[in-house]
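Q: 3D model of this:
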Amino acid sequence: MMEAKCDGEIIKARQAFIIIAMALTLSGCGINDVPTKGEAARKAFADLQAQYQRRADLIPNLVETVKGYAAQEKDVLVGVTEARAKATQVTIAPATCRTQPSSSSSRKRKAASAAPSPVCWSRSSATRS
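A: So this is what the prediction gives:
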């Protein structure tokens, strides 16, 4: 019966040894992971802050670019508007125009050359005949 007692104690001692060995092995596994994971978290946070700072630095550049394009678009619009106004404007040189004929000068007009010339209305004449 002593043998059974010894065998029981040996089994208990082995179990205790295995439990202690497993506890020591498992406790050492995570001890190095804590600083490593903490450092990884700090690095990720620093990367995030760097991205936010880069974006904040890009906003003024974007605003200046938009202002530049807006100024260029304004210049183009003004140029096109002025060109369209000049294209639709009729200009007659003063040397080639004559004033509106009055009733007394109608005989002179009939005697004038057969080629029609442009008619320029004087500011004093209110109606066209």
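Q: On the three-state scheme, V90 is what?
A: Classification of V90 by DSSP: H, G, I helix; E, B strand; the rest coil places it in coil.
Q: List phi and psi for it.
A: In terms of degrees, to the nearest 10, the main-chain angles of V90 are phi -100, psi 130.
Q: Distance check, it against G79.
A: Between V90 and G79 the distance is 21 Å, computed by C-beta to C-beta, to the nearest Å. Every C-beta, even on glycine, is put in place using the N, C-alpha and C of the backbone.
Q: Of those two, which one has the most company?
A: Higher neighbour count among V90 and G79: G79, with 10 against 5, using other C-beta atoms under 10 Å.
Q: any idea whether the more buried one is helix, strand or coil?
A: With three-state DSSP as the criterion, G79 reads helix.
Q: Which parts of the chain are strands?
A: Taking DSSP state E, the chain contains no strands at all.
Q: In it, mark out all the helices, start to finish.
A: Secondary structure of the chain (DSSP state H): helices located at 2-31, 33-88, 106-111.
Q: Which residues are in contact with L48?
A: If you count contacts by C-beta atoms under 8 Å, 6 or more residues apart in numbering, L48 has none.
Q: Count the residues that sit near C97.
A: When neighbours are counted by other C-beta under 10 Å, C97 comes out with 13.
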